[in-house]
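Participant: Have a look; sequence and predicted model below, questions after that.
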Amino acid sequence: METVKTLGVVGAGTMGAGIAQLAARNNIHVLLYDNQTDAVKSGLAKIRQRLTRALDREQISRSDMERTMDNIEESSLEKFRDAEVVIEAVVEVMEVKKSVFRQLSDLVAPSTILATNTSSFSITELAGVTQRPESVIGMHFFNPAPVMKLVELVRGEDTADRTVEFAQHLAAQMNKETVVVRKDTPGFIVNRILMPLFIEAMRILEEGVATQEDIDKAVKLGLNHPMGPLTLADFTGLDVDLEVMDYLYNEFHDDRFAAPQVLRRLVRAGHVGKKSGRGFYHYAPK
Ligand code: NAD
């Protein structure tokens, strides 16, 4: 398969900017589009900030940094005609994603692969609004995209083998490891394993069986995880965790995914983890 030369990224937020940085660093020309004024400029500023930090730590050279920045172009959606592949990374709202996919399907060449970075939605449903469901695939990157090694590749019902091969090839070009999720199921692999882990850690805390420090220490040292589940839950955002649990619970009707009360209480109080400055690490069970 040929090396990918041009990638379109829709959405210049946390994930879109991260994916753009990753691709550009790996010599792919990136067309970056966002529908909010200044979102691309703000994404580019964040990328420059991260690269400057890497330069200061002598992890990259100045020419690496400039080459990476030069590889990213602020773009209109119309320019995506030139891209071999597009990765959609807009907000997690089905109707917004569908409207982006409809636009892309009308605009780009029939051979262009359309990927979505959705954390939860059905690839089949998104692919259904396009005229090329065989070329649509989930490419689920993890945050921060330039650092995290894994990309989950998610097949929709109609995704063609060549689309999966293309996505594997693209991920390899960006130095990522992939796993293939063969069925379009909620939570894919990682969140389906992670949410029950979070839930059990929260229940152990809620029952007063151990402190949050000891729960995290047990998992870190006993299971060799780099981060304890309660720290990780704070880090990913308790509001996001709750949304994912509720989504999985509604899809599977299975108590494995039932969110603990303690999590709901924290989120209702606006204590959503690292980004709010309060989460499990300021919570003491009464
Ligand atoms: P974000 O809110 O940081 O960025 C979303 C961007 O999309 C914003 O800049 C917004 O202006 C833009 N946007 C919205 N509607 C648009 C449209 N119609 N056209 C173009 N741009 C539009 O969100 P994020 O955290 O980067 O998440 C993006 C996607 O990645 C979501 O599907 C999310 O579930 C998924 N995801 C997020 C993470 C994470 O940890 N943040 C991890 C994996 C996957």
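Facilitator: Looks like it came in fine.
Participant: Helix or strand: which one has the closest residue to residue 54 other than its chain neighbours?
Facilitator: Counting by Cβ to Cβ, 6 or more residues apart in numbering, residue 60 is the residue found nearest to residue 54 once chain neighbours are left out, at 4.7 Å. Yep, even glycine has a C-beta here, placed from its N, CA and C like the rest. If you go by DSSP states H and E, residue 60 is not part of any helix or strand.
Participant: Surely residue 60 is in contact with residue 52?
Facilitator: No: counting by Cβ atoms under 8 Å, residue 60 does not reach residue 52; the two are 9.7 Å apart.
Participant: So between the two, which is more surrounded?
Facilitator: residue 60 (17 against 13; other Cβ atoms under 10 Å).
Participant: Residue 138 should be in a helix, yeah?
Facilitator: No: secondary structure assignment places residue 138 outside any helix; it is strand (DSSP: H, G, I helix; E, B strand; the rest coil).
Participant: who's in contact with residue 52?
Facilitator: Contacts for residue 52 (Cβ atoms under 8 Å, 6 or more residues apart in numbering) come out as residue 65.
Participant: if you average pLDDT over whichever helix or strand it is part of, what comes out?
Facilitator: Assessed by DSSP H and E, residue 52 sits inside helix 39-56. Mean pLDDT, taken over the full extent of helix 39-56, equals 97.
Participant: does any bit of it sit next to the ligand?
Facilitator: Yes: applying Cβ under 6 Å from any ligand atom, one finds that helix 39-56 is in contact with the ligand at residue 39.
Participant: Off-centre distance for that helix?
Facilitator: 19 Å (Cα atoms, centre = their mean, to the nearest Å).
Participant: Give me the mean pLDDT for the next helix or strand after that helix.
Facilitator: For helix 39-56, the following helix or strand on the C-terminal side (DSSP H and E) is helix 62-70. Averaged over helix 62-70, pLDDT sits at 97.
Participant: can you pull the contacts of the residue of the stretch 1-150 of the chain found nearest the ligand?
Facilitator: Proximity to the ligand, evaluated over the stretch 1-150 of the chain using Cβ to the nearest ligand atom, is greatest for residue 13 at 1.8 Å. Shown in contact with residue 13 (Cβ under 8 Å, 6+ apart): 34, 39, 43, 89-91.
Participant: cool, residue 19 as well?
Facilitator: 9, 87, 89, 117, 141, 145.
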